[in-house]
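Participant: Sequence and predicted structure, then a few things I'm wondering about:
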Amino acid sequence: MVMKCKEISALMPDLAAGLSAASPEMNEHLKDCALCRGQFEEFRQTMALLDQWQAPELSPYFDVKLMARIREERAKPTGWLFWLRKPLLAASLAVLMVMSVALFRTDAGYRHGAESGPVAALPGSAVGDLQALDKNSDLYSDFELLDDLQVQQDVSANP
């Protein structure tokens, strides 16, 4: 079985780090494929550099500074009551509450007015005309009777 470049590329990091051993097929592919051989050599050089690298030493006061910072963070107030201590936020919440109460009262006033009956509109306006038609619908319906009577009289007068 001949190994393909994609299969070799997936195995190269482990092979370069020494985590796995190369199979005979892999060695044969690396001899024949210059591209894979170059990539494998780059992996080996990178792993060699990483083996030489040493982490810098921590300062002797690192633990003391870290614990002090943790205490500071724990001491900070949290929760929604903490935000009310800020003057701008408290003032904006107060304004919001006053506006909501005012809107509620105004809305209740409109609803109370609507329960007492319709508001009279100015005569001659469209709303006023519609209200007059609603109030006097029985009266206006009689005019159709009068129109019918007038037509009957005209027919009987002109035989």
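Facilitator: Yep, it's here. Numbers count the residues shown, from 1 in each chain.

Participant: Could you use CA atoms for every contact and neighbour count after this?
Facilitator: Noted.

Participant: And this protein, what are its domain boundaries?
Facilitator: 5-52, 126-157 (automatic domain parsing).

Participant: Deepest-packed of those domains, please.
Facilitator: Among the domains of the chain, ranked by average contacts under mean count of other C-alpha atoms under 10 Å, first place goes to domain 5-52 (a mean of 14).

Participant: Is it possible to get JSON lines of the domains of the chain that adds mean pLDDT and distance to residue 78?
Facilitator: Listed next are those as JSON lines, based on pLDDT from 0 to 100; distance: least, C-alpha to C-alpha, whole Å:
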{"stretch": "domain 5-52", "mean pLDDT": "87", "distance to residue 78": "43"}
{"stretch": "domain 126-157", "mean pLDDT": "68", "distance to residue 78": "57"}
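
Participant: Now distance to residue 70 too, for the ones you listed, in CSV please.
Facilitator: Converted to CSV, the domains of the chain look like this (distance: least, C-alpha to C-alpha, whole Å):
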stretch, distance to residue 70
domain 5-52, 32
domain 126-157, 71
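
Participant: The ones you listed: which one's closest to residue 105?
Facilitator: Nearest of those to residue 105, taken as C-alpha to C-alpha: domain 126-157 at 26.5 Å.

Participant: if we can go back for a sec, residue 64: which of the domains of the chain is closest?
Facilitator: In terms of C-alpha to C-alpha, the element of the domains of the chain nearest to residue 64 is domain 5-52, at 29.9 Å.

Participant: so what pLDDT did residue 95 get?
Facilitator: With respect to pLDDT, residue 95 scores 92.

Participant: swap in the one 10 residues further on?
Facilitator: In this prediction, residue 105 carries a pLDDT score of 77.

Participant: same deal with the one 5 residues further on?
Facilitator: Among the per-residue scores, residue 110 shows a pLDDT of 58.

Participant: And residue 53, its phi and psi?
Facilitator: According to degrees, to the nearest 10, the main-chain angles of residue 53 amount to phi -70, psi 140.

Participant: and it, how many neighbours?
Facilitator: By other C-alpha atoms under 10 Å, 9 other residues sit near residue 53.

Participant: same deal with the one 5 residues further on?
Facilitator: Here the count is done by other C-alpha under 10 Å, and residue 58 has 8 residues near it.

Participant: Now do the same contact list for it.
Facilitator: By C-alpha atoms under 8 Å, 6 or more residues apart in numbering, no residues touch residue 58.

Participant: could we number from 50 for the rest of this?
Facilitator: Got it, the first residue is 50 from now on, which makes the last one we talked about residue 107.
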